[in-house]
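>>> Sequence and predicted structure, then a few things I'm wondering about:
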Amino acid sequence: MAAPDPGRRSRILQGGFGPLTNMSIALVSTFVFLLVVVLLIVNAPGWETVKQSFFNVGEGRDTFPLVARAFLLNVKMFLIAEALILVFALVIAVMRGLPGPVFFPLRALAIAYTDFFRGVPTILVIYVLGFGAPGLNLTGVPTNPVVWGVVGLVLVYSAYVSEVYRAGIESIHPSQEAAARSLGLSRAQALRFVILPQAVRRVIPPLLNDFIGLQKDTALVSVLGSVDALQQANINSAADFNYTPYLIAAFFFVIITIPLARFTDWLIARERRRRQAGGVA
Amino acid sequence: MSAQGGLVVEGLHKSFGRSDVLRGIDLSVAEHEVVCLIGASGSGKSTLLRCVNLLEPIDAGRIVVNGEEITAPGVDVNRVRRGIGIVFQAFNLFPHMSVLDNVTLGPRRALGLPRAEAEAEARDLLTRFGLAEKVDDYPDRLSGGQQQRVAIVRALATRPRLMLLDEITSALDPELVAEVLEVVRGLAREGMTMVIATHEMGFARDIANRVCFLDGGVILEQGPPEQIFTAPREDRTQQFLARIIAAGRM
Ligand SMILES: Nc1ncnc2c1ncn2[C@@H]1O[C@H](COP(=O)(O)OP(=O)(O)O)[C@@H](O)[C@H]1O
Ligand SMILES: [Mg+2]
């Protein structure tokens, strides 16, 4: 039997007509689709009012630099929170995997922690910390709401991320630990050099997914009154009786999250290709 | 500590839940001796080897390696394991590490050798076993036979005086078995003390000083290979060997 022509096979799989034609069909169909949507919206009876309040060019031009500067605070909170979460969540995940009766209290603590912080709404944690902690008037306790907002995000997201890590750790076959221990490595060394490197590599896509959520949720810290992109949009919107600043803020969040999402997809696709090529997990 | 080499197992019991896998194993292996364990699948060969490497806690009995009772309370298991090499049926190489890193992990992290020294030794070992070109490759780039040879080198890298081989050719394509067995023959010539669980009866016959037949959780019969393979005393041994011959493996 003749080997199947690879071009023919991929055409069957994709249900198309070859790469170039496929691309132009995709372009045309996207364009037509967008045109229909835009025409529908623009011809809607209330369009003029909506245009004035959401797509006001003058308002947009005036508030863009303000929102942009405020958005830097979101980026800063995101980066700091992310670094802390990566470390803290790993500690929780490892605590939860400690063996034997001696470590029962630590395991129980880790379980209670993840259960609690995955159950409570993020905004509630931020409220309680942001208004409660500075109110204690303890010396050394920061009063800056941004700090408490970030602490809240770290507490909540670490609960999710530690579960992601744990799934990764449990996906590594026990024979890997046996091989490491048989060389004379301690438990901790086996974890550090053999299990965690493989586990973390496996969970990078779901980790990035959680970070897309985190990036958006930095906006929740605005409930404490700090001036991030959302709060700045609030201020300008209230002053000018116009909603355009909200769209500007949305624009900033999206230009960060969309590349992250595409990058995650790319990693997942690469992992899948690798698995199919190697034939082993 | 290392006065007399070798391995002594006395009255070893091991059960998983309610299944008694090892029910009083007595076995002694002299220094430089090669002992092959044969027995049906599920007879406990792997479990015995894992117990000797302290990878499984035992229920009763004692194990003495190189004159030291390794099953005594308070023994440093990490130190004990460094002196015993084990090679597994499924290779169990570390897929995220190059061949060189697989081999140097033990020396660097368990023996505490500096990186340069560990790598120089590992390169020497890999060259001796025909793997010089593979040092920078990752395990998934290697054939099964090459992977298993790397696993043997990895186990040798901590300079063990006792090697445990657990059906190391069972997961290999038939044409790759010979290259791995050749490596084991080389180790035997150098005088390595070895306990080898195997289904390769021809190999057991010409490498073993002694063959032990494991059945029902005990060593039912043991002796020199000529005696076990040509004149087994026990019915169970005869039946087992008849099945092996029927399967065309001898
Ligand atoms: N970790 C384990 N938990 C439960 N049962 C096990 C475990 N390891 C081995 N066994 C059982 O112990 C018996 C002996 O297994 P094994 O030592 O692997 O035999 P062999 O290597 O001779 O084929 C088998 O019945 C197997 O199912
Ligand atoms: Mg086995």
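Thanks, I have the structure now. Computed from a prediction, not measured in an experiment: that's the story for all the values here. Numbers count the residues shown, from 1 in each chain, chains lettered A, B, ... in the order given. Ligands and ions are numbered 1, 2, ... in the order given.

>>> does residue B:35 count as helix, strand or coil?
strand (DSSP: H, G, I helix; E, B strand; the rest coil).

>>> if I look at it, how far off is chain A?
Distance of residue B:35 to chain A, given as CB to the nearest CB, to the nearest Å: 19 Å. C-betas here are computed from N, CA, C, even on glycine.

>>> Show me what that residue is bridged to.
The partner list for residue B:35 in beta bridges (DSSP bridges) reads residue B:195, residue B:210.

>>> show me the contacts for it.
Contact analysis of residue B:35 by CB atoms under 8 Å, 6 or more residues apart in numbering or on different chains lists B:27, B:29, B:194, B:195, B:196, B:208, B:209, B:210, B:211, B:212.

>>> and what of residue A:241?
Shown in contact with residue A:241 (CB under 8 Å, 6+ apart): residue A:53.

>>> Can you give me the distance of it to residue A:56?
Shown here: residue A:241 relative to residue A:56, a distance of 10 Å by CB to CB, to the nearest Å.

>>> Am I right that residue B:43 sits in a strand?
No - looking at residue B:43 with three-state DSSP, it is coil, so not inside a strand.

>>> Name the SS class of the closest residue to it other than its chain neighbours, please.
Nearest residue to residue B:43 in three dimensions, chain neighbours excluded: residue B:214, at 4.5 Å (CB to CB, 6 or more residues apart in numbering or on different chains). Here residue B:214 is recorded as strand under three-state DSSP.

>>> Quick check: beta-bridge partners of residue B:214?
Going by DSSP bridges, residue B:214 is paired in beta bridges with residue B:219.

>>> That one: neighbour count?
24 (other CB atoms under 10 Å in any protein chain shown).

>>> Now do the same contact list for it.
If you count contacts by CB under 8 Å, 6+ apart, residue B:214 has them with B:37, B:38, B:39, B:43, B:44, B:45, B:48, B:220.

>>> likewise residue B:193?
Per CB under 8 Å, 6+ apart, neighbours of residue B:193: B:5, B:6, B:7, B:29, B:30, B:31, B:32, B:33, B:34, B:161, B:162, B:163.

>>> near ligand 1, which of the contacts of residue B:214 show up?
B:39, B:43, B:44, B:45 (CB under 6 Å from any ligand atom).

>>> biggest separation within the residues you listed, which pair?
Using CB to CB, these span at most 7.3 Å, a distance reached by B:39 and B:44.

>>> those helices in chain B, which residues are they?
For chain B, applying DSSP state H gives helices covering B:45-52, B:77-82, B:99-105, B:115-128, B:144-156, B:174-189, B:201-207, B:225-230, B:235-246.

>>> any chance of those in JSON lines, with mean pLDDT too?
Shown next, in JSON lines, are those (pLDDT from 0 to 100):
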{"stretch": "helix B:45-52", "mean pLDDT": "97"}
{"stretch": "helix B:77-82", "mean pLDDT": "95"}
{"stretch": "helix B:99-105", "mean pLDDT": "97"}
{"stretch": "helix B:115-128", "mean pLDDT": "96"}
{"stretch": "helix B:144-156", "mean pLDDT": "96"}
{"stretch": "helix B:174-189", "mean pLDDT": "93"}
{"stretch": "helix B:201-207", "mean pLDDT": "92"}
{"stretch": "helix B:225-230", "mean pLDDT": "94"}
{"stretch": "helix B:235-246", "mean pLDDT": "92"}
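
>>> Do you know the pLDDT at residue A:187?
Reported pLDDT at residue A:187 in the predicted model: 93.

>>> quick one: it and residue A:181 touch, right?
Yes - under the criterion of CB atoms under 8 Å, residue A:187 makes contact with residue A:181 at 7.4 Å.

>>> Give me the more crowded residue out of those two.
Between residue A:187 and residue A:181, counted using other CB under 10 Å, residue A:181 has the larger neighbour count: 22 against 15.

>>> Compute the distance between the more buried one and residue B:30, please.
To residue B:30, residue A:181 is 27 Å away according to CB to CB.

>>> Also residue B:175?
For residue B:175, the distance to residue B:30 - CB to CB - is 35 Å.

>>> for the stretch 51-200 of chain A, what are the low-confidence residue spans?
Judged by pLDDT under 70, the stretch 51-200 of chain A has no weakly predicted residues.

>>> who in chain B is up against chain A?
B:50, B:53, B:55, B:78-79, B:81-82, B:84-86, B:88, B:90, B:92-96, B:105-106, B:109-111, B:140, B:154-155, B:157-158 (CB under 8 Å from any CB of the partner chain).

>>> And the contacts of stretch A:173-182?
Stretch A:173-182 is contacted by residues A:187, A:189-190, A:193-195, A:198, B:50, B:53, B:55, B:78, B:81, B:84-86, B:88, B:90, B:92-94, B:105, B:155 when judged by CB under 8 Å, 6+ apart.

>>> Relative to residue B:134, which of the helices of chain B is closest?
Nearest to residue B:134 among the helices of chain B is helix B:99-105 (5.1 Å), distances taken as CB to CB.

>>> Identify the residues contacting the closest one?
Contacts of helix B:99-105 (CB under 8 Å, 6+ apart): A:180, A:183, A:185, A:193-194, B:93-94, B:97, B:115, B:118-119, B:122-123, B:125-126, B:131, B:134-139, B:142, B:150, B:153-154, B:157.

>>> Now the buried members of these.
The neighbour-count criterion (16 or more other CB atoms under 10 Å in any protein chain shown) marks A:180, A:183, A:185, A:193-194, B:93-94, B:97, B:118-119, B:122-123, B:125-126, B:131, B:134-135, B:138-139, B:142, B:150, B:153-154, B:157 among these as buried.

>>> gap between residue A:221 and residue A:64?
Look at residue A:221 and residue A:64: by CB to CB, they are 22 Å apart.

>>> who has more neighbours, these two?
Between residue A:221 and residue A:64, residue A:221 has the larger neighbour count (other CB under 10 Å), namely 27 against 15.

>>> Number of residues surrounding the residue nearest to the more buried one when sequence neighbours are not counted?
Distances taken as CB to CB, 6+ apart place residue A:149 nearest to residue A:221, at 3.1 Å, with adjacent residues excluded. For residue A:149, the number of neighbouring residues by other CB under 10 Å comes to 28.

>>> which residues sit in contact with residue A:149?
A:77, A:126, A:129, A:130, A:218, A:220, A:221, A:224, A:226.

>>> State the pLDDT value of residue 37.
By default, I'm working from chain A. What the model reports as pLDDT for residue A:37 is 92.

>>> I was after chain B.
Reading off the model, residue B:37 has pLDDT 97.

>>> now it: how far from residue A:124?
62 Å.

>>> ok, these two, which is more surrounded?
The neighbour count for residue B:37 versus residue A:124, taken as other CB under 10 Å, is higher for residue B:37 (27 against 11).

>>> Looks like the more buried one contacts residue B:195 (just checking).
Yes - when contacts are counted by CB under 8 Å, residue B:37 is listed as touching residue B:195 (6.6 Å).

>>> neighbours around the residue lying closest to residue B:80 once chain neighbours are set aside, how many?
Leaving aside its sequence neighbours, residue B:80 sits nearest to residue B:70 (CB to CB, 6+ apart; 4.7 Å). By other CB under 10 Å, 21 other residues sit near residue B:70.

>>> so residue B:70 touches residue B:58, yeah?
No - between residue B:70 and residue B:58 no contact is recorded; they are 10.2 Å apart, counting by CB under 8 Å.

>>> list residues touching both of these two?
With CB under 8 Å, 6+ apart as the test, residue B:70 and residue B:58 reach no residue in common.

>>> Quick one: the helices in chain A, in order.
With DSSP H as the criterion, chain A has helices at A:6-14, A:19-42, A:47-54, A:57-96, A:104-119, A:122-127, A:133-135, A:145-170, A:174-182, A:187-190, A:196-202, A:204-217, A:229-240, A:244-278.

>>> looking at those helices, which is closest to residue B:15?
helix A:174-182 (19.0 Å).

>>> out of everything not next to it in sequence, what's closest to residue B:138?
Distances taken as CB to CB, 6+ apart place residue B:98 nearest to residue B:138, at 5.9 Å, with adjacent residues excluded.
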